[in-house]
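# Would you be able to build a 3D model of this:
(2 chains)
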Amino acid sequence: MTSEPMLQLRGLKKSYRGKAALRNLDLTVNDNEIFALLGPTGAGKSSTLLASAGLIELDAGRVGLAGRDVTDADPGSRDVAIVFEGFNLLPVLDVKDNIAFALRSPAFRESEAEISLRVGRTAELLRISHLLDRDVDTLSGGERQRVAIARALVRRPVMFLLDEPLSALDLKLREGLRAELRQIHRQHRSTMLYATHDYHGAIAIADRIGIIDGGVIQQAGTIEEIYRLPANMVVGRLVGSPSMAFFEAGIEDGHVVVKGARQRIPVGEFGTVASARGKIVLGVWPEDIEVGGSDLADASLGTIYAVDNRGYERAIQVETSAGSFRKVVPLSVPFTQGDACAFRVPKGGGFLFDAASGRRISQVEGNG
Amino acid sequence: MTHSKTSSIDLATRWLVLGLLALYTVYNVGPIFWLLLSSFKGRMDFFTMPPKLFFTPDLSGYQAVFGVGAAKDSASAVGVFDSLVNSVIVSVAGTSLAVFFGTLAGYVCSRFNFIGKGDFMFFVLSTRMLPPVAVLVFYHLMFARLGLADTRTGLVLVSIFANVGLATWIMKGFFDGVPKEVEQIAIVNGYTRMYAFLKLVLPMVKGGIAATAGFCFIFAWNEFAFASILTTTQAKTLPVKISAASGATGIEWTQICAAGVVLIIPVLIFFYLIRKHLLMGMTFGVLGRR
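The predicted model follows:
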């Protein structure tokens, strides 16, 4: 895989009626990669995509695409394709003409023979050949999104911008279509910027992930890199399933002490700690937390607040004096609601964050 | 037991509702029916007490208002044909232009932000809240000075002024119901916004345009206040003509009734033609989002 940048966003700023949607956002998407933009609703995902397509006027910043500065270029000249979450198909056209829509425009005018050939081939790829003559309002939700993706694919643009393309679909359809997208990407080599609020969806499809919140990219990298060294508490909250556990903590005599907990962890285990003044937070990936009964040595105590049975495993929520966390445990661990639960953070299994800014202040990589 | 009790209450409610609906229908349709009946009555039958439900139909009223047959050149014939033509021309032209400008303005107000948009929208709406009487005198003076008094052109202008605000508001609502993704998809694929507006957005709001035209047409067709002040002889519209329908032998009631029927018919035909769009227009928000 080459790592030539395909899309480069630099210092994007945009506000809508005084409300900032993008605050100095920087992002690079490499050629031929699927880059997932993961963040909650209102984080700035859609604005990032619209800015890349040229559909919103930026207050500041530059947009580079395929090696040229397109900040002031017409959306139609950028050669990108966009798929939205909900409304995608033009109701005044049938399925065939919706797909052909991209090829008939003055910017990409193709001969009708070529159009018919490409529409047919793309429809086959997305297994919607039997729908070509249908009216769009007779299609199911999944069929609609297939047609929308077909319209994006048919033109072979330099880049795909996918704004929650699968979020309106049910779980099974979503997983199936996601796998197909991944397959199409492998066969046709394309660059995709894929915005989603779904953590599982993001890690399943993406080569790299950008965690976005508050109109800025909080951290970008492979999921392994993000797990190894999360940039801040926002990243911890948005990554993982369940997401990162946070404990109020302080530093006493060179040890990290979690509020109300017995365990004392030497600060040295976290590497150089940038600022040890003020309140700090200990963040641990739930997978790293050891839980058990009263026989767990050197452990702190919490209470099982909720147990969510998933059939082959259980998700427990543990209330502690320093905060609560969720963790998945095997069915063999016999926790029930209200039980006492001993827990322990293993050596090298956590990160320290500044409580006020949320920034990570420890330097040692986690277990990964 | 309980079951039969509830169903007897249901039955009573049902009859009550039916009764109220029947009353409402009589209240609404009754006068129109009476108008229709009276338009076929001769001078003698008209004032008979108690009113006659069965009588020999007499077409003299219709002949007189159209100036044909026996009533032709009769001194008592009011003759409303010219004013009917005036009404049609003024209403159709006024409605078409108001809907045309309202559609353009509604699209701009739905899709673009500009300084003072809120104030503009309120101003546009306020033109409809204004009682015509408040400005009649000024219109009269202005139109006299401009040579627009007693002309169809003048009435068309008034009709546009009166309806373009309403048309803008209604059309803005319909455009708001069209997702902005429609234009975004077009623009990203290299089409112009004009193309998206004309070929994609407009077809999606055609029901809305029909509904708007319906409202504007009704207002234009029924407009009385301006027409009564701004016209004297040439440009009189049908409502104005009817209000002053007296011939050489006093008030011609049969002719007034016949003219009233003539006034109602175009509205009925128009609504019959656009009824499908009216329904589409009303449910547009639901359909558009599917």
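
# what about the residue of the stretch 51-200 of chain B found nearest chain A, how many residues close to it?
Closest to chain A within the stretch 51-200 of chain B is B:Gly190: 2.5 Å, counting by C-beta to the nearest C-beta. Bear in mind the C-beta positions are built from the backbone N, C-alpha and C, glycine included. As a burial measure, B:Gly190 scores 22 neighbours (other C-beta atoms under 10 Å in any protein chain shown).

# all strands of the stretch 151-290 of chain B, in order?
B:246-247, B:250-251 (DSSP state E, counting those that start in this stretch).

# Next, the residue of the stretch 51-200 of chain B closest to chain A: phi, psi?
B:Gly190 has phi and psi values of phi 90, psi 10 when expressed as degrees, to the nearest 10.

# Next one: the closest residue to A:Glu252 other than its chain neighbours from A:Gly292, what distance?
Spatially, and ignoring its direct neighbours in sequence, A:Glu252 is nearest to A:Arg264 (7.8 Å; C-beta to C-beta, 6 or more residues apart in numbering or on different chains). Distance from A:Arg264 to A:Gly292, counting by C-beta to C-beta, to the nearest Å: 19 Å.

# Then B:Lys206?
According to C-beta to C-beta, B:Lys206 and A:Gly292 sit 69 Å apart.

# tell me the mean pLDDT over stretch A:93-106?
The average pLDDT for stretch A:93-106 rounds to 90.

# Stretch A:361-368 now?
Rounded mean pLDDT across stretch A:361-368 is 69.

# Contact residues of the stretch 51-200 of chain A facing chain B?
Applying C-beta under 8 Å from any C-beta of the partner chain, one finds that the stretch 51-200 of chain A approaches chain B through A:53-55, A:75-78, A:80-82, A:84, A:86-88, A:90-92, A:101-102, A:105-108, A:137, A:155.

# show me the contacts for B:Pro154.
Pro isn't right for residue B:154; it's Gly. B:143, B:146, B:148, B:230, B:235 (C-beta atoms under 8 Å, 6 or more residues apart in numbering or on different chains).

# In TSV: these, plus neighbour count, distance to chain A and pLDDT.
Formatted as TSV, the contacts of B:Gly154 follow (neighbours: other C-beta atoms under 10 Å in any protein chain shown; distance: C-beta to the nearest C-beta, whole Å; pLDDT from 0 to 100):
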residue	neighbour count	distance to chain A	pLDDT
B:Phe143	22	43	90
B:Leu146	12	42	92
B:Leu148	19	41	88
B:Leu230	25	42	86
B:Ala235	24	41	81
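
# Of all pairs in the residues you listed, which one is the farthest apart?
Spatial extent of these (C-beta to C-beta) is set by the pair B:Leu146 and B:Ala235 at 14.0 Å.

# correct me, but the residue of the stretch 51-200 of chain B closest to chain A touches A:Leu103?
No: assessed by C-beta atoms under 8 Å, B:Gly190 is found out of contact with A:Leu103, at 9.9 Å.

# Below-threshold pLDDT in chain A: ranges please.
Residues of chain A that meet the criterion pLDDT under 70 lie in A:1-3, A:274-277, A:366-368.

# what's the domain layout of it?
A:5-228, A:233-354 (automatic domain parsing).

# Point out the most buried one among the ones you listed.
domain A:5-228 (a mean of 19; mean count of other C-beta atoms under 10 Å in any protein chain shown).

# can you give me the end-to-end distance of that one?
24 Å (C-alpha to C-alpha, to the nearest Å).

# Figure out how far that domain is from the centre of its chain.
Per C-alpha atoms, centre = their mean, to the nearest Å, the displacement of domain A:5-228 from the mean C-alpha position of its chain is 14 Å.

# Then stretch A:213-233?
That offset, for stretch A:213-233, works out to 10 Å (C-alpha atoms, centre = their mean).

# how about the nearest residue to residue 233, chain neighbours excluded?
With no chain named, the answer covers chain A. A:Gly358 (3.9 Å).

# To clarify, I was referring to chain B.
B:Thr233's closest residue in space is B:Asp150 (C-beta to C-beta, 6+ apart), at 6.5 Å.

# ok, now A:Pro230?
Nearest non-adjacent residue to A:Pro230, counting by C-beta to C-beta, 6+ apart: A:Gly236, 5.1 Å away.

# which stretch among the domains of chain A comes nearest A:Glu365?
Comparing those under C-beta to C-beta, the one sitting nearest is domain A:5-228, at 4.6 Å.

# since we're on B:Val26, how many residues are nearby?
The number of residues near B:Val26, taken as other C-beta under 10 Å, comes to 11.

# Whatever helix or strand it lives in: which residues count as buried?
Per DSSP states H and E: B:Val26 is located in helix B:2-38. By 16 or more other C-beta atoms under 10 Å in any protein chain shown, the buried positions in helix B:2-38 come out as B:35, B:37-38.

# so A:Phe343, which of the three states?
With DSSP: H, G, I helix; E, B strand; the rest coil as the basis, A:Phe343 sits in strand.

# before we move on, the earlier item: looking at the buried residues of helix B:2-38, which is nearest A:Gly142?
Closest to A:Gly142, out of all of the buried residues of helix B:2-38 and judged by C-beta to C-beta, is B:Leu35, at 57.5 Å.

# follow-up on the earlier one: can you tell me which residues contact the residue nearest to A:Glu252?
A:Arg264 touches A:252, A:255-257, counting by C-beta under 8 Å, 6+ apart.

# Name the nearest of these relative to A:Gln363.
Minimum distance to A:Gln363 across these is 14.0 Å, recorded for A:Val256 (C-beta to C-beta).

# Now do the phi/psi pair for the residue nearest to that closest one when sequence neighbours are not counted.
Closest residue to A:Val256 apart from its sequence neighbours, by C-beta to C-beta, 6+ apart: A:Ile265 at 4.5 Å. Phi and psi for A:Ile265, reported as degrees, to the nearest 10, are phi -110, psi 120.
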